[in-house]
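K.L.:
sequence below, structure please.
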Amino acid sequence: MLTNEEILLKLGQQEDSFVERKSVNDLNDCLKTAVAFANSTPIGFPAIIFIGVKNNGDIESIPDLDKLQWSISDKISKAYPPIYNTTRILEKNGKKFLAILIPGSPERPHFAGQSFVREGTKSVVASESQFNTLVTQRNSKAYEILKWKGKYITITRVPKQQLLNGTTVPKHNDIWKGKVLDCNLFYVSLEAFQKHGTLALSIPLRLVDVNFDPKNDWLSIEYES
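P.N.:
Numbering: from 1, shown residues only. Coordinates of the predicted model:
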């Protein structure tokens, strides 16, 4: 995170992708700005919202700094999933102001409001796990694979077709028992149990075909390599 000295250096700089200034009378879109920073800033890199600072860098007189800090925290807390942020009270030329530090979030995407799901006859706020499931369901392949995380599956490696003197060389598939370690929208991590030990695999999801192994009554993953 930035030191107080580094934050003060940014106070007089022009607004950019990582810095925004807001006067005390212009706080309505603090939540929107916080969500945008969390979603767009490189993960772990801190963006800053200066509160009580005009566009030209002049610091306003803030009668109740604690009340202002509570109000900002309350606004940002409405984001979903919650956004990590930290507040610094800084001073320049005898005037105090707030600096809200919001690092790029690994939990993105965030939204300026909560997500809801149905439980029986009620609409309730989605838990973090339910929210993650909703996001993953955008890709049904990843969603199906994640059902088998930590469970046994069949892994089949299909060699690419090769030609020898104009003749197609017969392919011999490698078939292993394995486990799903993890999966997201981009790749799947697997553990294949081979005769002489285990093999860790990370395969782009676009190369994976998902089927069902009726012999073992579990998932079957096939990929070409």
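
K.L.:
how's this protein carved up into domains?
P.N.:
Here the chain is described, according to automatic domain parsing, as comprising the domains 4-103, 139-224.

K.L.:
confirm Ile62 sits in a helix?
P.N.:
No - assessed by DSSP: H, G, I helix; E, B strand; the rest coil, Ile62 does not belong to a helix; its assignment is coil.

K.L.:
pLDDT weak spots in the chain?
P.N.:
118, 121, 133, 136-139, 162-170 (pLDDT under 70).

K.L.:
and the strands in it?
P.N.:
Listed in chain order, the strands of the chain (DSSP state E) span 19-22, 46-51, 86-92, 95-103, 116-119, 122-125, 152-158, 162-164, 167-169, 174-183, 187-194, 197-204, 208-213, 218-224.

K.L.:
buried sites along the fifth one?
P.N.:
So that's strand 116-119. By neighbour count, and taking 16 or more other Cβ atoms under 10 Å as the criterion, strand 116-119 has no buried residues at all. Where C-beta positions appear, they are placed from N, C-alpha and C, glycine not excepted.

K.L.:
pull that strand out as PDB, backbone CA atoms only.
P.N.:
This file holds the C-alpha atoms of strand 116-119, laid out as PDB (Å, rounded to 0.1, in the frame of the first residue of the first chain):
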ATOM      1  CA  PHE A 116     -30.600 -11.900  -5.000                       C
ATOM      2  CA  VAL A 117     -31.700 -15.500  -5.300                       C
ATOM      3  CA  ARG A 118     -34.900 -17.400  -4.500                       C
ATOM      4  CA  GLU A 119     -35.100 -19.600  -1.400                       C
END
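
K.L.:
that strand packs against which elements?
P.N.:
Packed against strand 116-119, as judged by 3 or more Cβ pairs under 8 Å, 6 or more residues apart in numbering; DSSP states H and E, are the following elements: strand 122-125.
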